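Enquirer: here is the input, now give the coordinates:
(one chain, ligands or ions: 1)
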Amino acid sequence: MELGLQDKVALVTGAASGIGKETARVLLDEGATVVMTDLDEEDLKATAVKLTENDRLLYFPADIRSLESLKQLHEYIKKSLGTIDILVQNAGVTGAQGLFHTLSDDDWVYTIEQNLHGPVRVAREFLPDLREGGWGRLLFITSENAVQPYDNELPYDSAKAAVLSFAKGLSRSYAMEGLLVNTVSPAFIETPMTDRMMQKRSEEKNVSFDEAVDSFLEEERPHIELKRRGQTEEVAAVIAFLCSEKASFVNGANYRVDGGSVATI
Ligand code: NAD
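Expert: Numbers count the residues shown, from 1 in each chain. Coordinates of the predicted model:
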């Protein structure tokens, strides 16, 4: 399928790792010019070098929580490329974990700042670019947690649910100008984020890493009928489609890439 991304410029946040890194790779393969951003310049550089030596791949560090940092990123893009057509707001963290009575106000503030205020700031900074030229794609990576909350990740659940609602509302405002807004909600994808979760579980249960994954699937994610973690390519393929010309009638949608984890229709 020809995705029609050859003359597009895409910005991917959280691109030094996991889903963001694979998204950058796929968009690049499809012919887009890609700007990768993440917290750490060295990590970005190492990732970029591994991906390709293509001059269609640029990187610049930014913290999505900081308006100042996002403005610097925007300036860099303006000077190097002009405007962006596609924004994949992927950066995020699990944040504070534990039952409600164990979480502090700081835990909530940190997790909401990372997973809600950050995405809102990124969207606001780059909205003028996305509205320009009559064609834009804005994609937020949320989570299965947005619609199926887990009680040991309440700040993350709440932030991701808020992003789902924000994206749905936003999808109404600029669709007639050609800016389409959608979300992708993964579950249990094999990335450093879930590696860290499984490492912690294996230590807590005193079992091997693979046993931790198996017992997590059995006990905590029983509706993933495929009985495995998802792969980053399986998420990036859906992201690339939604960023493309082929998704020209998809707006305000939430695409689950969760192996069936969310137990409702
Ligand atoms: P990851 O930890 O591998 O990568 C996330 C990247 O985001 C990291 O490189 C990190 O440095 C970056 N980041 C974090 N905070 C940032 C900030 N303030 N500014 C800029 N960059 C920042 O995680 P992943 O699994 O690839 O997750 C990517 C997205 O997918 C996240 O939004 C996550 O919530 C979501 N998600 C992942 C899974 C999964 O199973 N892996 C499931 C559901 C949702």
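
Enquirer: any part of stretch 229-237 near the ligand?
Expert: No: against the ligand, stretch 229-237 shows no contacts by Cβ under 6 Å from any ligand atom, the least distance being 6.9 Å. For every residue, glycine as well, the C-beta is placed using N, CA and C.

Enquirer: buried ones in that stretch?
Expert: Arg229, Gly230, Thr232, Glu234, Val235, Ala236 (16 or more other Cβ atoms under 10 Å).

Enquirer: do stretch 192-199 as well
Expert: Neighbour-count burial for stretch 192-199, counted by 16+ other Cβ under 10 Å, picks out Met193, Thr194, Met197, Met198.

Enquirer: who touches it?
Expert: Stretch 192-199 is contacted from outside by Ser17, Gly18, Val93, Thr94, Phe188, Phe209, Ala212, Val213, Phe216, Arg229, using Cβ atoms under 8 Å, 6 or more residues apart in numbering.

Enquirer: what's the answer for stretch 150-163, then?
Expert: By Cβ under 8 Å, 6+ apart, the list of residues contacting stretch 150-163 from outside reads 92, 94-100, 103, 107-108, 110-112, 114-116, 119, 140, 142-143, 145-147, 149, 183, 185, 220.

Enquirer: before we move on, what about stretch 112-119?
Expert: Stretch 112-119 has contacts (Cβ under 8 Å, 6+ apart) with 63-65, 89, 91-93, 95, 140, 155-156, 158-160, 162-163, 166.

Enquirer: what residues does the chain have near the ligand?
Expert: Residues of the chain lying near the ligand (Cβ under 6 Å from any ligand atom): 13-14, 16-20, 38-39, 63-65, 90-93, 114, 118, 141, 143, 186-189, 191-194.

Enquirer: residue contacts, Thr13?
Expert: Contacts of Thr13 (Cβ under 8 Å, 6+ apart): Gly20, Thr37, Asp38, Ala62, Ile64, Leu87, Val88, Gln89, Asn90, Ala91, Val122.

Enquirer: so Leu138, which of the three states?
Expert: strand (DSSP: H, G, I helix; E, B strand; the rest coil).

Enquirer: that one: neighbour count?
Expert: Per other Cβ atoms under 10 Å, the neighbour tally for Leu138 reads 25.

Enquirer: how close does it sit to Phe188?
Expert: Applying Cβ to Cβ, to the nearest Å, the value for Leu138 to Phe188 is 25 Å.

Enquirer: from the chain's centre, how far out does stretch 45-63 sit?
Expert: Its chain's average C-alpha position is 17 Å from that of stretch 45-63, according to Cα atoms, centre = their mean, to the nearest Å.

Enquirer: now swap in stretch 2-20 and tell me
Expert: 11 Å.

Enquirer: now do stretch 215-231
Expert: With Cα atoms, centre = their mean, you get 21 Å for stretch 215-231.

Enquirer: name every strand pairing with the longest strand anywhere in the chain and say which way it goes.
Expert: The residue-count maximum for a strand in the chain (DSSP state E) belongs to strand 179-186. Strand 179-186 has these partner strands in its sheet, going by DSSP bridges: strand 136-141 (parallel), strand 254-257 (parallel).

Enquirer: I'd say Arg172 and Gly252 touch.
Expert: Yes: applying Cβ atoms under 8 Å, one finds Arg172 in contact with Gly252, separated by 7.0 Å.

Enquirer: more neighbours, those two?
Expert: More crowded of Arg172 and Gly252, by other Cβ under 10 Å: Gly252, with 15 against 11.
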